[in-house]
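Novice: sequence and predicted structure, then a few things I'm wondering about:
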Amino acid sequence: MSESGEAKRIGARLHKNSGRNYTKGDASWYDYVLDFKEFSKSFSITQKVWSKVVTDCLKVDRKKSPAICLVLDGKTRLAIIEWSEFERLVEGDNNE
């Protein structure tokens with residue numbers, strides 16, 4: 001997996017130089033600022049990892065939500081989001 005390949009797969013807009021410039025994070029997609037992570041077997045979420053993702057998101061757009069796009073073993077894709085964002089998504093589905 002490459003960040004560009006994953007971004008292209010979902011239609012996200014890559015941030016130039018993978019967030020190392022003024023626009024932090026790896027990509028933007030709808031209401032989210034994404035940080036791509038790929039690991040063969042496992043990935044540990046720490047407060048430090050999540051804090052960086054949140055801080056990068058705030059630097060891009062305070063109206064967007066942070067998300068980690070985790071790819072395990074090149075096959076399993078997970079989105080890690082804040083619980084309040086998850087609740088918003090679930091409530092939105094219940095209103096339809």
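Specialist: Perfect, thanks for sending it. Residues are numbered from 1 along each chain as shown.
Novice: quick one: the helices in this protein, in order.
Specialist: Shown for the chain, the helices assigned by DSSP state H span residues 3-10, 47-60, 83-94.
Novice: who wins for proximity to residue 29 among the ones you listed?
Specialist: Of all those, helix 3-10 sits nearest to residue 29, with 6.1 Å by C-beta to C-beta. C-beta here means a position set from N, CA and C on the backbone, and glycine is covered the same way.
Novice: measure residue 32 to residue 73 for me?
Specialist: 23 Å (C-beta to C-beta, to the nearest Å).
Novice: any regions of this protein where pLDDT drops low?
Specialist: Scanning the chain for pLDDT under 70 picks out 1, 18-22, 95-96.
Novice: what about 90?
Specialist: 1-5, 15-25, 39-43, 73-75, 92-96 (pLDDT under 90).
Novice: related to what we said a few turns ago, settle it for me: which of residue 32 and residue 73 has more neighbours?
Specialist: Using other C-beta atoms under 10 Å, the more surrounded residue of residue 32 and residue 73 is residue 32, with 21 against 10.
Novice: much appreciated, bye for now.
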